[in-house]
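Chemist: any chance you can model this:
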Amino acid sequence: MGCLAKHLDKDDPKVHPIIVKLLSALSTPSQQVQEAVANCLPPLVPAIKEEAPDLIKNLLTKLLDSTVYGERRGAAYGLASLVKGLGILSLKQQNIMSTLQDAIQDKKNYRHREGALLAFELLCHILGRLFEPYIVHVLPHLLLCFGDGNQYVRDATDDTARAMMRNLSAHGVKLVLPSLLKALSEDAWRTKTGSVELLGAMAYCAPKQLSSCLPNIVPRLIEVLTDSHLKVQKAAAQALQHIGSVIRNPEIQAISPILLEALSDPTAKTTEALQVLLMTSFVHVIDAPSLAIIMPIIHRALESRSTETKKMAAQIIGNMYSLTDQKDLNPYLSSVMPGLKQALLDPVPEVRAVSAHALGALVKELGEENCSDLLPWLMETLISESSSVDRSGAAQGLSEVLCGLGFDRLSQLMPDVIAATEKTNLPAHIKEGYLMLYLYLPSTFGAEFTPFIGDIIPSILKGLSDESEFVRDTSLKAGQRIVSQYATTAIEVFLPQLELGLFDDNWRIRISSIQLMGDLLYKISGVTGKMTTEGEEDDNFGTSQSNQAIIDCLGYDRRNRVLSGLYMGRSDVSLPVRQAALHVWKVVVPNTPRVLREILSTLFSLLLGCLASTSHDKRQIAARTLGDLVRKLGERILPEIIPILERGLESSKPDERQGVCIGLSEIIGSTSREQVFLYIDSVIPTVRKALCDPLPEVRACAAQTFNNLYKTIGVKALNDIIPPLLEKLVEPALHENTLDGLRQVMSVRSKEVLPFIIPQLISPPVNTQALASMSSVAGEALTDHLSDILPALLSCISQASDEQQLTHDLENSRTLVLSIQDDRGTQIVLDVLMKYSKDESVLMRKAAVNLLCSYCTSTKADLLQYTPPLLHSVLSRFNDSDSEVIEISWNALSAVTKRLQPPDQIQHIPHVRRAVKYISEDLQDKADLPGFCIAKKGITPLLPIFREGILNGSPDVKQDAAEGLGQVIQLTSATALRPSVVSITGPLIRILGDRFSWNVKVAVLQTLGLLLVKVGAVLKPFLPQLQTTFIKALNDPNKLVRQQASSALQHLVKLHSRVDPLFTELHNGVRNTEDNQIRETMQQALRGIVLNVGHKMGETVRQNLTTTLLSFQSHAEENIRVATAGCLGALATIVPDEELVNIVNTDTL
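Modeler: Numbering: from 1, shown residues only. The predicted structure follows:
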């Protein structure tokens, strides 16, 4: 009836009676009747708008005061229907909200509180979200009513809360939830309890709102479970049960009691809950309430210290994310992700693996955009410096995440990863991190990863040669993983790279390539490489079945290349490589000789390529392998090898020719004498030709081949190879190469070869270039032949046809003598050269002195013990008839003296003096020694010796040095002395200023006197010091010192321009001294000075001096009177005639 009435006009008289009947039907105690009335009443309200206030009052009265529950509930239905019909504003206009709020706060009448709650419940139910703005105002009252003392009120509160929560929108949740969560922090237990019960009621929210609010509610409820008040704990447990009761997933419903126990008692029940979750087979989608209960358990488990707990939690996440709705998962991402990240860095590999899988599943479900910070974190941790465990976990996690994102994302990242692993300047931890990706990507992507294998193998091999052990280990594991996983599916991709690695220049790459190749062969053949392979070198443990399996998989050609590479590895220059290759060979090869015959063609092709390589190691490996082949197969392969090597020497490639020599050397060393003689007619021309090769490296290798040949066949190698080479020396086109070939032979067999070649090289015309070339490698073997070589060299130099030839021969001769450094050879060189420096022939003397000078200048030999004869020999040439000999001798003397250290210089002063005395006796009519008179050179080589003796020697040495210096000065011209004046004078003045014995002073004064006679004017800068020194010496107690000082002063005075101060000083000394012997010496000095420079004396000084001298005429001692007379006689030459007459007449007669 009500539904039909809404189609009538509101003014129709039939409407009013219908409304009356409907309102009366609300008192019927049936929920269905009351709901039906409530549904059809709102459209009819406009017809009774004027009567609405009275109707509302009546309904409120019934609602609050009726004793019958059915009537009160019907009144609540009617009130809500009228509000809906009148509009939401009627709540305020008709004072409905204020009346209800007053009623709910009535502490005396429980019916008022219950009636208000019934009204709020049905307002929420009928008005729906229209009532949402009022819910915030109702909540505080609900919180109180949850703890009401009346059971009816509490039940009504539960129903009201459910109705509110069921109709909340997302906005409503945002309004309600903060205040409820805040209330949990209140101290009042009743408030907490109400908040908890309201939060539990939120389980009845719409599914959309439920998924957004539960992630915030459940964790807070779990916290409240540990509240100190039992009623709060009980309310929290009931709230969680409410949430559990709305779970729609049958599997979770079945285990929800266990899950709720885990939330209530996590310490004891978490493990059990995880185990139950792991054992549950999920068929239905996991809804938001299920997640709300499960995720806190998982979050707690991930933070546990237990390895097993963390592993189970990660497994559950990995399995669960595919069964959930993305929007339900997103709120938990921020809480789960830190735990998963931490588990990914766990020290236990199983935990890392499960966590990585969980991350991959999570990213696959949510997409990269919802995990935007995960990939950068993984990349950062991958290259972090923290620990290898962290990098391993990051690599495993990144592999799983990339797998979740798909192949396209992998394709974007791999070029950067490959580029990073190939860089050489990256720190070890960064390279290790990137290489760890190669450990896990094959497992996660499987066959999809195949396109990248060819690109990553080179970087893995490069990592195998890294200096860091961690990088090498990681690279090896990565290589083994690839070999193990793709041994049958991608062999075409990575096997060529391993083949190249077998011949890499780096031994670490070679050994790692062998190990990986071994793993591949073990995988193919079905054998294990862990067996022991101890025993003889050619004991094999392979089987024909395993060999056939390798052939079936690789084919004959590839099998032959692989086994050839392994066999060559057995002869590697590196011991670890040899051991690894031998192990693999023994495991997979059934019979070495038979397999060698099968692979011989391929092996030989590789050997020739390596023999021709620019790499020294490759050539050595190939040569050793060749030698090993010859030892094993002997006569069967020699007829094939020798012709090939002969042809190889005709190659235009220098490296190939060098390889031929290395190979031939190994063959000769590995073959018996009888077998070599069988092919001697081919071997000797080959060696001879190689020794004249244009390339030095080929000639050096050929010399080693010659050495092995000599060891095998003896003198025949010398007789058949050396003489033809000597004959080729005269051919200009072959001279240089042949000469170096001989030199290379000398470097390995000097003692045997020298007797063959020396007689031919020193016979006219002497081949100085060949001799010089041989000397650099001949060593001490050359010493035995020096007595023959040196005269021949000197003769050759002296007979040089022109300047160019002379320079050429001289330079070669110098090279030869300078190669001699042993004591015996040094003595022979010096004896021969000193002997010929006295030869009658000027040219021979010049040649000998020239080589002697070069030897003394540049040799590294110790010449100290030969210094005396050298000084004598070189100084003896200072009077030579040839000026060039003299100048070269001067250079030789300079070279000899420069090698002397200060202590040694003092020891050789007597030797210098004897040599100078010896040569001075041969001067005959010459005043100067020519060798001391060379312009700008003079006596500078000897000055350091004399200077050291004068300054630092003992008194006797000082005297000897000073006398020797005087001796040399006497033989030197003034022009040659001038550059050395400063070096000579300074030390001598310094000695006279110190307290030394009279004999030292006499020697020094005598030398200074000689110097003044030779180069007086040059000493003018030293005039003040010399004058002071000489006058001081005039007062010396020793007569000889005074006499030498007097003589030197007489020479020095000639340099004076103003002599009066000197005459005044001497005058005062004569007049004031009390020692008559000193006075006599001073008078003698005065007399000489007057004779020399008296004419420069001032008149006053002269008169005063004359007066003093006249007073000494009557001195008691005759020697004073005689000395006075001498002085007066000298003065008579400068005194004016009138004054002289007066002196004679008055004072003398």
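Chemist: which other helices and strands does the host helix or strand of Asn547 contact?
Modeler: Of the helices and strands defined by DSSP states H and E, Asn547 is found in helix 544-554. In this structure, helix 544-554 makes packing contacts with helix 491-501, helix 507-525, helix 556-569, helix 575-588, judged by 3 or more CB pairs under 8 Å, 6 or more residues apart in numbering; DSSP states H and E. For the C-beta atoms, the positions are set from N, CA and C on the backbone; glycine is no exception.
Chemist: apply 7 Å and report the result again.
Modeler: helix 507-525, helix 556-569 (3 or more CB pairs under 7 Å, 6 or more residues apart in numbering; DSSP states H and E).
Chemist: helices of the stretch 651-800 of the chain, residue ranges please.
Modeler: With DSSP state H, counting those that start in this stretch applied, the stretch 651-800 of the chain shows helices at 654-670, 673-678, 680-691, 696-713, 715-728, 732-762, 768-778, 786-798, listed in chain order.
Chemist: who's in contact with the second one?
Modeler: Contacting residues not belonging to helix 673-678 are listed as Glu635, Leu638, Ile668, Val683, Thr712, Ile713 [CB atoms under 7 Å, 6 or more residues apart in numbering].
Chemist: how many neighbours does the fourth one have?
Modeler: Going back to what we said before, that points to Val683. By the other CB atoms under 10 Å criterion, the neighbourhood of Val683 contains 25 residues.
Chemist: quick check: mean pLDDT across the helix holding Asn547?
Modeler: For helix 544-554, the mean pLDDT works out to 81.
Chemist: and if you look at stretch 362-370?
Modeler: This predicted structure assigns stretch 362-370 an average pLDDT of 77.
Chemist: how long is that stretch end to end?
Modeler: 10 Å (CA to CA, to the nearest Å).
Chemist: quick check: buried residues in it?
Modeler: For stretch 362-370, burial by neighbour count (16 or more other CB atoms under 10 Å) applies to Leu362, Val363, Lys364, Glu365, Leu366.
Chemist: so which of these comes closest to Val766?
Modeler: Distances from Val766 to the buried residues of stretch 362-370, taken as CB to CB, are shortest for Val363 (87.7 Å).
Chemist: next up, the contacts around the closest one.
Modeler: For Val363, the set of contacting residues under the criterion of CB under 7 Å, 6+ apart consists of Cys371, Leu374, Val401, Gly404, Leu405.
Chemist: what of Gln315?
Modeler: With contacts defined as CB under 7 Å, 6+ apart, Gln315 is in contact with Leu278, Val354.
Chemist: kindly recompute the last result at 10 Å.
Modeler: With CB atoms under 10 Å, 6 or more residues apart in numbering as the criterion, the residues that contact Gln315 are Leu274, Leu277, Leu278, Val354, Ser355, His357, Ala358.
Chemist: hang on, the fourth one packs against Asp346?
Modeler: So the one you mean is Val354. Yes. Between Val354 and Asp346 there is a contact at 9.5 Å, judged by CB atoms under 10 Å.
Chemist: more neighbours, those two?
Modeler: Taking neighbours as other CB under 10 Å, Val354 and Asp346 compare with Val354 leading, 24 against 20.
Chemist: picking up where we left off before, ok, the contacts of helix 673-678 vs Ser290, which is closest?
Modeler: Ser290 lies nearest to Leu638 out of these, by CB to CB, at 83.5 Å.
Chemist: ok, how many other residues are close to the closest one?
Modeler: The local packing of Leu638 (other CB under 10 Å) involves 18 other residues.
Chemist: ok, Gln1006 touching Ala1033?
Modeler: No. Judged on CB under 10 Å, Gln1006 makes no contact with Ala1033 at a distance of 11.4 Å.
Chemist: quick one on the thing from earlier: of the contacts of Gln315 - the most surrounded one?
Modeler: Each of these was scored for neighbours by other CB under 10 Å, and Ser355 scores highest at 30 neighbours.
Chemist: tell me where the stretch 1001-1149 of the chain has helices.
Modeler: Per DSSP H, counting those that start in this stretch, the stretch 1001-1149 of the chain carries helices over the ranges 1023-1034, 1039-1052, 1060-1072, 1076-1093, 1099-1111, 1118-1132, 1137-1143.
Chemist: and the ones you listed, which one is worst for confidence?
Modeler: The bottom spot among the helices of the stretch 1001-1149 of the chain, by mean pLDDT, belongs to helix 1137-1143, with a mean of 69.
Chemist: and the next element down the chain from the helix or strand containing Leu375?
Modeler: Element membership of Leu375 [criterion: DSSP H and E] is helix 374-382. Stepping forward along the backbone from helix 374-382, the first helix or strand reached (DSSP H and E) is helix 388-405.
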